[in-house]
Structure formats: C-alpha cells, structure tokens
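Chemist: Here you go, sequence then predicted model.
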Amino acid sequence: MPEPVIASPRPRVLSGMRPTGKLHLGNYMGALANWVKLQNGAQYDCYFFIADWHALTTDYADTSNVAQNTLDVMLDYLAAGLDPAKSVMFLQSKVLQHAELNLLLGMITPLGWLERVPTYKEQQENITGKDLSNFGFLGYPLLMASDILLYQPKFVPVGNDQTAHVELTREVSRRFNQFYKLDGREVLPEPQVLLTPSPKLPGTDGRKMSKSYGNTILLTDPEPEVRKKLKTMVTDPARVRRTDPGDPDKCPVGDLHKVFSTPETQAKMYAGCRSAGIGCIECKGWAADALVQVLEPIQARRASFTVPQVIEILEDGSNRARVRAEQTMHEVRSAMQMNLTASAAK
Ligand code: TRP
Ligand code: SF4
C-alpha cells in the first residue's frame, strides 16, 4: 500500500482593513493586489478579514455606516480577486475569540506601550471633532495584535503605515510567551511583517491617494468619472502653457503612467511631454485609458455578486475562522491555566 500523503500544513498569513467605505486604487495597489497574489501563490493559508470593531474606535458616536461599509469593502475584496474558495474571508465581530484574546492580552500589556504607538498621538491631534480619549481608541493596536496572534500567522502583509502596530504585536507575543507556556512550548509565535512593495500612487491633487484627502479614484468609479477626475488632476507645475516642455518625473499623472501604462505609452509620454509635442489633456486621456483597463475586470467581478451572496460568504468564512481561532484560544487558556476542569481540582 502506498504511504498516505499527509499534506504538511501551510504557514498562515493574515491581514485586514477597517470598513471605512468603498476602496480606492491606493488601497488596491498598496495592499489588496498583493493579498490576491499571496492567495493565488497557494504557498500560505490566507485569512483576510474586515475589522468592524476597529471602525468603532473612532466612529462610536455614529455607527450607522458600519454595516454598509462592511458590505462595500467585502464587495471590493471579491472584486479585486479574493476568492472564498481559496482564502478564509471573515468579519471580526462574528468571531468572538478576538474579544477574548484582547481581554487576556490587555492584562499583560503595559499602558506605556500603547501610549507610545506613534499613530496614537498623531491621530488624537489630527482627528478633530471626535473625542478620542477612550479606552477603545488607546486599545486599537492591542485589538489588532489580538486579531493577528489569534491565527498564529507567520506573516502579516500590510503597508508601511501599519508596521508599528505589527511591532507592538511582536512585543506582546514575546511577553505572553515569557509568562505562559504550554508543555514548555510557546503558544503565540512572533509574526513578521510582509511589506507590500507598493509604488507611489498619487491622488488627483498630487498628494498620496487617501480617503481623508478626498483625492481618490475608487475601484467602483465608472469610466466617465475616472476621465473627469483625471482632467482636473494636477500636473508638472513647470508646464504652465501648452508650449512649455514638462517632466513626467515631476508630474503625478506621469506617476500614474509609470504604474499602469504600457512601456510604449510611457515612451510616448516621455518624448511628447519633454518636447511639448503633446498636451496634458491628451496625456491624461492615455492615463485614463490605462486606469479604465485595470478597473474594468474588477468592476465586472463586483457586479457578479449579490448582497445575500456576500453575506453568506462572510458567514461561511467567519465559521471557518472561528474554528481556527478556537484552536488558538484553547492553547491560550491552557497555557494561562484558565480552563478549570474537574481534573484540575486538588
Ligand atoms: N489597522 C489596520 C488598518 O487600519 C486594520 C487592521 C485591524 C489589521 N486588524 C488588523 C491589519 C490585523 C492587519 C492585521 O488598515
Ligand atoms: Fe504630466 Fe503628461 Fe502633462 Fe507631462 S504631458 S506634465 S506627464 S500630464
């Protein structure tokens, strides 16, 4: 009889986003496209989720958008190519183990660690009009650490803006492993950041594309909207008149071309811009062509899902995530001796 083939378990990766609304090209290039690659590479067991509790850390006073935003982000995940047959796609609030681990890790996390996370002070200063002196907001990075450690992943694929949070996660895991062991073994391995190599993607105003700047191109923007946004996009400031030569390396539209256009179009752009042979309107039209080509299949896939289907995918994925999460929690409770059973009685 042939030896049974025992599939060695693949290492896991885990990542997620807050449900802040429809995703834009910056989210896609900065994270989502890379997640899809990781999923299709089949090297890892992939877990991708929506951090709806995290939305409450800033939007607690008005929670009316969280459900719709969750559906929109989920649709964008699916549109971008995440596939529930290949990845576990789930919703944080449907896996209560996130809250349990958060509570337990809260016991061992010094306040100073949370106060020192750079985004904490930054956001408190930058987000005006919301009182962010809450327990939940201070605890944002620890909830994120719980999200991560709950799945014992090897890698966390995130953008640069999240690396401080993963660093805190590593510190918390080390502290946990120092205090508690299970049969001499560490229960919460230190995960590593898997940095997304993301090209610089400018928004329509030339600054980094970001929802808070209002300069985004959404994955759901229809073609006329994309063309309209491109028309008002800032260009090389040295190119004032049509007859002035410009430099695509100093132009946000040039940056878009570098990410999305073919080498032929890029060559045309460089030559035409530097010799003032083309106008910016024409050049922007080419950039819009390239964007529309990228967005077309994404939008077609989005249109192929109904809301009830999306909800079912989330339920299903959350059920699968819960099984994996419970496995970790069983080890965590055992290591902490928080699983009283008859046999433990003296
Ligand atoms: N903080 C992340 C963001 O704003 C979202 C997030 C929450 C996350 N929990 C996570 C990302 C766990 C990766 C892993 O984008
Ligand atoms: Fe920018 Fe294109 Fe105009 Fe050159 S021609 S300044 S690259 S928009």
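Modeler: Here it is on my side, so go on. Numbers count the residues shown, from 1 in each chain. Ligands and ions are numbered 1, 2, ... in the order given.

Chemist: buried sites along stretch 9-20?
Modeler: Neighbour counts over stretch 9-20 (16 or more other CB atoms under 10 Å) mark 12, 13, 14, 15, 16, 17, 18, 19, 20 as buried. Bear in mind the C-beta positions are built from the backbone N, C-alpha and C, glycine included.

Chemist: where does the third one fall, phi/psi-wise?
Modeler: With angles defined as degrees, to the nearest 10, residue 14 shows backbone torsions of phi -140, psi 140.

Chemist: cool, and the fifth one?
Modeler: Note on residue 16: its backbone torsions stand at phi -160, psi 170 [degrees, to the nearest 10].

Chemist: hmm, back to that, among the buried residues of stretch 9-20, which are located in helices?
Modeler: Assigned to helices by DSSP state H, none of the buried residues of stretch 9-20 qualify.

Chemist: next SSE after the lowest-mean-pLDDT helix or strand in the chain?
Modeler: Counting by mean pLDDT, DSSP states H and E, the weakest-scoring helix or strand in the chain turns out to be helix 118-126, with a mean of 85. For helix 118-126, the following helix or strand on the C-terminal side (DSSP states H and E) is helix 135-138.

Chemist: Could you see whether ligand 1 lies near that following helix?
Modeler: No. Against ligand 1, helix 135-138 shows no contacts by CB under 6 Å from any ligand atom, the least distance being 12.4 Å.

Chemist: Following element in sequence after that helix, please.
Modeler: helix 140-149.

Chemist: could you give the mean pLDDT of that next one?
Modeler: For helix 140-149, mean pLDDT is 98.

Chemist: could you say what helices and strands it packs with?
Modeler: In terms of contacts (3 or more CB pairs under 8 Å, 6 or more residues apart in numbering; DSSP states H and E), helix 140-149 is packed against strand 12-17, helix 52-59, helix 97-108, helix 118-126, helix 163-179.

Chemist: Okay, strands next: where are they in the stretch 151-300 of the chain?
Modeler: Counting by DSSP state E, counting those that start in this stretch, the stretch 151-300 of the chain has strands at residues 155-158, 192-195.

Chemist: any idea which of the helices and strands packed on helix 140-149 is most buried?
Modeler: Among the helices and strands packed on helix 140-149, ranked by average contacts under mean count of other CB atoms under 10 Å, first place goes to strand 12-17 (a mean of 23).

Chemist: At the contact with ligand 1, which residues of the protein appear?
Modeler: Neighbours of ligand 1 within the chain, by CB under 6 Å from any ligand atom: 14-18, 51, 54, 144, 147-148, 156, 158, 162, 165.

Chemist: Could I get those residues in a markdown table, plus columns for distance to residue 259?
Modeler: What follows is those, written out as a markdown table (distance: CB to CB, whole Å):
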| residue | distance to residue 259 |
| --- | --- |
| 14 | 27 |
| 15 | 21 |
| 16 | 24 |
| 17 | 21 |
| 18 | 24 |
| 51 | 27 |
| 54 | 28 |
| 144 | 28 |
| 147 | 30 |
| 148 | 29 |
| 156 | 24 |
| 158 | 20 |
| 162 | 21 |
| 165 | 26 |
